[in-house]
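Colleague: Sequence first, then the predicted structure:
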Amino acid sequence: MVVIGREEATGATARLGHYRARDGSRGAAVDLDVDRPHVGLVVGKRGSGKTYTLGVLAEGLLAAEGVSPVVVDPMGAFTSLSAADVSVTVVDPSVRADALDPRQWCAVLGLDPERGAGALVWRAASERSTLEGMRSWVADSDAAASTGRAAANHLALAASWDIFDAAGIETGALCSDGLTVLDVSGLDSRPAGAVLAAVATALYDGRMAGQTDRLPWLLVDEAHAFTDGVARRPLHRLVTRGRQPGVSCVLATQRPSAVPATTVSQTDLLVAHRLTSAADIDALRAARPTYLDGDLAARLPETTGDALVVDDGTESVHHVTVRERRTPHGGETPRASDLEADRNHEVSAGGPET
Ligand SMILES: Nc1ncnc2c1ncn2[C@@H]1O[C@H](COP(=O)(O)OP(=O)(O)OP(=O)(O)O)[C@@H](O)[C@H]1O
């Protein structure tokens, strides 16, 4: 067995799959180090196996001691795990208003903090810790009527997202011995970004303040959806500085070119599935010139579930077939033939009741 991500022989690992020889034959088992914190990036075109690979990693983390896997799940691909495994908790995302700082409040509402409604929301977020409090503070402020109305409308929009709550997401609840799935599939990109911002901040600050002994792993699917919104700064902080307090972060995306170059270059574990877009291959190559030279880019895998794994720690590249999941994969793209099969099943079962 080979362990990717470290040189030492001991410590917790998660089974990733097995080596794939050039002729496609199966080689030795491949594990990932989960003993120390890492920054991982899983890339690949649609349907190449990214979500599946995140699921494999989540399973491995669930089985490892001393770590707390947390998934931010924009596709609802992980919610089915709770039926298969009791240690999986699907959480309805909830965010304390003061989990976002004034700058993040302006970012999530798309407001310029320097002017008008943005400046008012900034002050409301500095003065009050709940959304209700911010709304009353704006209503009572002596700002120009049109500015007050605009700020009130933006805060009413935030209230309509139904995510802001005095309880919020606590570090302690996230850092359990099970897998926590934050299902943001029902949310638009702004509230989903607010949830990710709050979670990334809770994990980082929680570890800095010594609130948990466990090492959190934040797995983010469809990460390109979060790179220019309110979650950008907290994610950037995790990617650049999270390892020091012990927080790992693994981002999965079909568009590496949409992920900031600093994020790609901070990655110490890169899992590259099939990629065909020249812009995406170039984005990877630009950030990882040593490993992803022209030759290696040409050797990116062709088959779903196969991956090129680049390990910065040991400066090595591995050709891996990701193992099959032990729990159900919820990321299937619906197919017309599935509907057809369902219909046939209903007919053979006597059809729907009338
Ligand atoms: N390692 C694997 N072993 C077996 N089957 C796999 C593996 N990886 C992926 N698959 C199959 O390929 C399908 C597509 O994988 P997945 O949903 O992870 O793709 P994706 O890259 O996340 O796609 P999208 O970008 O659309 O989210 C899965 O439904 C699964 O059936």
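Modeller: Received, thanks. Not measured: the values here are computed from a predicted model.
Colleague: When you work out contacts or count neighbours from here on, use the C-alpha atoms and nothing else.
Modeller: OK.
Colleague: Map the structural domains onto the sequence of this structure.
Modeller: With domains defined by automatic domain parsing, the chain comprises 2-93+169-336, 98-160.
Colleague: excluding its backbone neighbours, what's nearest Val264?
Modeller: Using C-alpha to C-alpha, 6 or more residues apart in numbering and skipping residues adjacent in sequence, the residue nearest Val264 is Ala287, 6.1 Å away.
Colleague: returning to that earlier point: winner for burial among the domains of the chain?
Modeller: A comparison of the domains of the chain by mean neighbour count, using mean count of other C-alpha atoms under 10 Å, puts domain 2-93+169-336 on top with a mean of 20.
Colleague: Check the offset of that one from the chain's centre.
Modeller: 7 Å (C-alpha atoms, centre = their mean, to the nearest Å).
Colleague: could we number from 745 for the rest of this?
Modeller: Renumbered: residue one is now 745, and that last one reads domain 746-837+913-1080.
Colleague: give me the element the residue nearest to Val1066 when sequence neighbours are not counted is part of.
Modeller: Of all residues beyond its chain neighbours, the one nearest Val1066 is Gly761 (4.3 Å), with distances taken as C-alpha to C-alpha, 6+ apart. Assigned by DSSP states H and E, Gly761 falls within strand 757-764.
Colleague: Need the residues that contact that strand.
Modeller: Identification of contacts with strand 757-764 by C-alpha atoms under 8 Å, 6 or more residues apart in numbering yields 747, 770-779, 800-801, 803-805, 807-808, 1062-1068.
Colleague: Could you pull out the strands in the stretch 995-1098 of the chain for me?
Modeller: Ranges of strands in the stretch 995-1098 of the chain, per DSSP state E, counting those that start in this stretch, are 1013-1016, 1050-1055, 1060-1066.
Colleague: Now do the phi/psi pair for the closest residue to the ligand within the stretch 945-1094 of the chain.
Modeller: Closest residue of the stretch 945-1094 of the chain to the ligand, C-alpha to the nearest ligand atom: Gly1049 (3.6 Å). Main-chain torsions, Gly1049, degrees, to the nearest 10: phi 90, psi -20.
Colleague: Could you tell me how far the residue nearest to Arg867 when sequence neighbours are not counted is located from Ala969?
Modeller: Nearest in space to Arg867, with sequence neighbours left out and distances taken as C-alpha to C-alpha, 6+ apart, is Pro846 at 7.3 Å. To Ala969, Pro846 is 22 Å away according to C-alpha to C-alpha, to the nearest Å.
Colleague: and if you look at Val994?
Modeller: Applying C-alpha to C-alpha to Val994 and Ala969 gives a distance of 14 Å.
Colleague: Quick check: residues of the protein near the ligand?
Modeller: Counting by C-alpha under 6 Å from any ligand atom, the positions of the chain adjacent to the ligand are 788-796, 998, 1048-1049, 1066-1068, 1075-1076.
Colleague: Can you give me every residue that contacts the residue nearest to Val1008?
Modeller: The contact partners of Ala1031, by C-alpha under 8 Å, 6+ apart, come to 1005-1006, 1008-1009.
Colleague: Now intersect the residues you listed with the helices, please.
Modeller: The helices, defined by DSSP state H, take in 1005-1006, 1008-1009 from the contacts of Ala1031.
Colleague: I'd guessed Ala903 sits against Met878; true?
Modeller: No - Ala903 is beyond contact range of Met878, at 10.8 Å (criterion: C-alpha atoms under 8 Å).
Colleague: Tell me which stretches of the stretch 945-1094 of the chain form helices.
Modeller: All helices of the stretch 945-1094 of the chain, identified by DSSP state H, counting those that start in this stretch, fall at 976-985, 1005-1010, 1022-1031, 1038-1042, 1080-1092.
Colleague: can I assume Thr1048 is in contact with Arg790?
Modeller: No - the criterion here is C-alpha under 8 Å, and Thr1048 misses it with Arg790 at 9.9 Å.
Colleague: From Tyr948, how far out is Gly954?
Modeller: Between Gly954 and Tyr948 the computed distance is 10 Å (C-alpha to C-alpha).
Colleague: Likewise for Arg977?
Modeller: Here the criterion is C-alpha to C-alpha. By it, Arg977 lies 12 Å from Tyr948.
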